[in-house]
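Participant: Sequence plus predicted model, see below.
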Amino acid sequence: MRRSGQHYVVLLLVVFFFVRSSLCGAQPMNSVDVSVDGPGIETLSADSITETSAQLQGSLTDDLGEECYTWFTYRQAGQSMWQRTAVRWPALTWDLTYELITGLKPDISYEFRTHARNYAGERAGDVMIFTTLGQEQSLDISSTYGGIVTMPGEGLFTYEPNAFEVIEAEPYNYFAFIGWKGSTVDTGKVIDPNAPFTVVAVDGNDTLQANFSSPLQDTQWQWNTLSCTGRPDGRHETAFVGCKGRFYLIGGRESRKIDQFDPKTCIWRKMNVTTPLIHHFQPVLMDNKIYMVGAMTGNYPTEPPMARIQIYDPQADEWTEGATIPEARRRGSAGTVVYKGKIYMVCGITLGHTSGTNNWFDEYDPATDTWTVLPDAPHIRDHFHAIVVDNKLYCIGGRNTSVHEPNFDSFFGAVIREIDCYDFETQTWTILDTLLPVGSAAGGVAYLADLIIYFGGETANTALSTTQAFDPQTQTWTTLAPLKQGRHGTQAVVFKDKIYVAAGSPNRGGGRVTSIEMFSYQKSSSGRRR
């Protein structure tokens, strides 16, 4: 036996004392007399602290050969009365003891210690201190796409009760602030929910969200006709393309000169080089040179396709001819794009305005001078411009110019409203579920603010001024502000979050426009802005 009968008698008395105490519950008491003899006990920590609770922890370091009873005492710092937790048994050397205490007061410091008792006596660990959390209020701040919250930032913030916080939202340069939303607005805690710079009262655990508009929602996106020094040659079925901060009008039925536009000074000037008769093409930019593939030459209506790639070097003001296009794949009025260093040509028409509208798709690699025939697009079309967004090529707008019944010019009304999309990663074509709302041919296409902007174009009756925005993510269309001048047969340049369009025809068929328009966000002067 480890101990004498006398020791067991003492232990039974200890058990009786603590069982009776635990049945009566933890009672407040003054300082506890603790003998120097007794099991070794250590006060460790207070964890999981909240406003009203804490998890106390201790460790039995030496049981002196006998199982022990353990408990904790605690009190507000500076007070005389201790409160005891329930007694726990058994505990042996190096056992940990825990107790969750509740009913505490927020933002108060508490003292606590661990106790242990067995036949040898009672001993307490050192007194330690913890502080409960204060009654902080939280504000969960976020924003929709289109801007950020600059003051105090975004995320979860905590404050003392009844605090006031200055908040400020900043839209991206082509978006606008709409207003604040969240539980703070619902309960009337934001002084001005419609102002980007305002104050919110923090009184509870609330949410706050800054909301921004896209061009789908904001009427401050407008076209404006620019006042310029000089003017370009009026022309249509022309190319308008940007290179190193300058824009170039190239080709068209009515001119063989190249007009350069400086968007910083709004000055037009003539370049020295002249071009062959070239029209109905979509230029692409590679290595700061302008490549023209899938172009027509000659006069209406037969207009044969050009046999070779045409190249213009704006810096040298030099025109050269490039690779020969395979004879069986030559056509004009095709959509042309660049993707990962290669030129892609899709659809087009083989013989001007008479016949040969197709859905061909070709790849040209300038590095190897190699042409590759790719899978046909779902729809035939010509008189359109293609665009690449997020590894996908979109064919939007255009018409079937091979239609000549009941009259030769019936093709003006043979517009294609279906949208074909080629995924470069999966190498597959799909037809989108949505249609171009207002069908037209030779409309301008640009990408701005995560949207494909389609504007102008030609119908059976007129040159359109409509501007339509397509969201590739939602595949939805919205109508935007119209052009000041309806036009078709020209293209768009995106520069510093603005869209520029120049020249084109103001009528169905031929015509000349010399103006240039800019589509931009007209910033409001209301509210505090950086």
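Facilitator: Structure received. Residues are numbered from 1 along each chain as shown.
Participant: from here on, contacts and neighbour counts on C-alpha atoms
Facilitator: Noted.
Participant: residues in contact with Leu451?
Facilitator: Ala469, Phe470, Asp471, Pro472 (C-alpha atoms under 8 Å, 6 or more residues apart in numbering).
Participant: and the first one, that's in a strand?
Facilitator: Yes. Inclusion of Ala469 in a strand is indicated when DSSP: H, G, I helix; E, B strand; the rest coil is applied.
Participant: Just give me the neighbour total for it.
Facilitator: 23 (other C-alpha atoms under 10 Å).
Participant: Please apply the same query to Ser183.
Facilitator: Ser183 has 18 nearby residues by other C-alpha under 10 Å.
Participant: Check what pLDDT it gets.
Facilitator: Ser183 carries a pLDDT score of 94 in this model.
Participant: Wait, it touches Thr207, no?
Facilitator: Yes. With contacts counted by C-alpha atoms under 8 Å, Ser183 reaches Thr207, the gap being 5.3 Å.
Participant: Poorly predicted segments of this structure, please.
Facilitator: Within the chain, the ranges that satisfy pLDDT under 70 run 1-36, 174, 214-218, 522-530.
Participant: How about the contacts made by the residue sitting nearest the centre point of it?
Facilitator: The centroid of the chain falls nearest to Tyr145 when counting by C-alpha atoms, centre = their mean (5.6 Å). Residues near Tyr145 by C-alpha under 8 Å, 6+ apart: Asn211, Phe212.
Participant: can you check Leu96 too?
Facilitator: Contacts of Leu96 by C-alpha under 8 Å, 6+ apart are Gln57, Gly58, Ser59, Leu60.
Participant: List just the nearest of these to Cys266.
Facilitator: Cys266 has its nearest neighbour among the contacts of Leu96 in Gln57, at 76.2 Å by C-alpha to C-alpha.
Participant: and the closest one, what helix or strand is that in?
Facilitator: Using DSSP states H and E, Gln57 sits within strand 54-62.
Participant: now for the helix or strand hosting Leu139, which elements pack on it?
Facilitator: Element membership of Leu139 [criterion: DSSP H and E] is strand 137-143. Counting by 3 or more C-alpha pairs under 8 Å, 6 or more residues apart in numbering; DSSP states H and E, the packing neighbours recorded for strand 137-143 are strand 147-151, strand 155-159, strand 197-202, strand 206-213.
Participant: Roughly how far does Phe384 sit from Gly397?
Facilitator: Using C-alpha to C-alpha, to the nearest Å, one gets 6 Å for the distance from Phe384 to Gly397.
Participant: list the residues that contact both of these two?
Facilitator: Common neighbours of Phe384 and Gly397 (C-alpha under 8 Å, 6+ apart) are Ala441, Ala442, Gly443.
Participant: which among those gets closest to Gly65?
Facilitator: Distances from Gly65 to the shared contacts of Phe384 and Gly397, taken by C-alpha to C-alpha, are shortest for Gly443, at 93.8 Å.
Participant: show me the contacts for the residue lying closest to that closest one once chain neighbours are set aside.
Facilitator: Once flanking residues are discounted, Gly443 sits nearest to Gly457: 3.7 Å by C-alpha to C-alpha, 6 or more residues apart in numbering. Applying C-alpha under 8 Å, 6+ apart to Gly457 gives the contacts Ser440, Ala441, Ala442, Gly443, Gly444, Ala463, Leu464, Ser465, Gly486, Arg487, His488, Gly489.
Participant: Sheet partners, orientation included, of whichever helix or strand comes after the strand holding Gln57?
Facilitator: Later in the chain than strand 54-62, the nearest helix or strand by DSSP H and E is strand 68-76. Applying DSSP bridges, strand 68-76 is found paired with strand 82-84 (antiparallel), strand 88-91 (antiparallel), strand 109-118 (antiparallel).
Participant: which of those is buried the deepest?
Facilitator: Between the strands paired with strand 68-76, strand 109-118 has the highest mean count of neighbours, a mean of 24, where neighbours are mean count of other C-alpha atoms under 10 Å.
Participant: Quick check: what element follows it along the chain?
Facilitator: Past strand 109-118, the next helix or strand by DSSP H and E is strand 121-124.
Participant: Just the buried residues of whichever helix or strand comes after that next one, please?
Facilitator: Following strand 121-124 in sequence order, the next helix or strand is strand 128-131 (DSSP H and E). Neighbour-count burial for strand 128-131, counted by 16 or more other C-alpha atoms under 10 Å, picks out Phe130, Thr131.
Participant: what about the nearest residue to Trp221 once chain neighbours are set aside, distance to Leu226?
Facilitator: Sequence neighbours aside, Tyr521 is the residue nearest to Trp221 in space, at 4.4 Å (criterion: C-alpha to C-alpha, 6+ apart). Distance of Tyr521 to Leu226, given as C-alpha to C-alpha: 15 Å.
Participant: between the two, who's got more neighbours?
Facilitator: Counted by other C-alpha under 10 Å, Tyr521 and Leu226 do not tie: Tyr521 has more neighbours, with 19 against 13.
Participant: gap between the more buried one and Tyr145?
Facilitator: Taking C-alpha to C-alpha, one finds Tyr521 at 17 Å from Tyr145.
Participant: what's the answer for Asp107, then?
Facilitator: Distance from Asp107 to Tyr145, by C-alpha to C-alpha: 39 Å.
Participant: My read is that Arg171 contacts Gly146, right?
Facilitator: I think there's a mix-up here, since residue 171 is Pro and not Arg. Yes. The criterion here is C-alpha under 8 Å, and Pro171 meets it with Gly146 at 5.9 Å.
Participant: what sits in contact with each of the two?
Facilitator: What both Pro171 and Gly146 touch, as defined by C-alpha under 8 Å, 6+ apart, is the set Phe212.
Participant: What count of nearby residues applies to the closest residue to His279 other than its chain neighbours?
Facilitator: Distances taken as C-alpha to C-alpha, 6+ apart put Gly252 closest to His279, at 4.5 Å, once the chain neighbours are dropped. Around Gly252 there are 26 other residues, counting by other C-alpha under 10 Å.
Participant: And Pro406, by the same measure?
Facilitator: So Pro406, with other C-alpha under 10 Å, has 8 neighbours.
Participant: Which of the three states applies to it?
Facilitator: coil.
Participant: Now it: phi and psi?
Facilitator: Here is the backbone geometry of Pro406 (degrees, to the nearest 10): phi -80, psi -10.
Participant: Check the secondary structure at the spatially closest residue to Met345 that is not a sequence neighbour for me.
Facilitator: The spatially closest residue to Met345, leaving aside those adjacent along the chain, is Thr336, at 4.5 Å (C-alpha to C-alpha, 6+ apart). Here Thr336 is recorded as strand under three-state DSSP.
Participant: count of neighbours near Thr336?
Facilitator: With other C-alpha under 10 Å as criterion, Thr336 counts 28.
Participant: which residues touch it?
Facilitator: 281-284, 293-294, 343-346, 385-387.
Participant: Now do the contacts for Asn162.
Facilitator: The contact partners of Asn162, by C-alpha under 8 Å, 6+ apart, come to Ala201, Val202, Asp203.
Participant: ok, now Gly153?
Facilitator: Counted by C-alpha under 8 Å, 6+ apart, Gly153 has contacts Ile141.
Participant: Now it, what are its backbone angles?
Facilitator: Per degrees, to the nearest 10, the backbone of Gly153 is at phi 120, psi -170.
Participant: going forward, begin numbering at 283 instead of 1
Facilitator: Renumbered: residue one is now 283, and that last one reads Gly435.
Participant: ok, it to Gln491 distance?
Facilitator: 11 Å.
Participant: Name the residues contacting each of these two.
Facilitator: Residues touching both Gly435 and Gln491 (C-alpha under 8 Å, 6+ apart) are Ile423.
Participant: In which helix or strand does Thr466 reside?
Facilitator: Assigned by DSSP H and E, Thr466 falls in helix 465-468.
Participant: hey, what's the residue lying closest to Thr507 once chain neighbours are set aside bridged with?
Facilitator: Counting by C-alpha to C-alpha, 6+ apart, Glu799 is the residue found nearest to Thr507 once chain neighbours are left out, at 4.3 Å. Legend: beta-bridge partners of Glu799 under DSSP bridges are Thr507, Val783.
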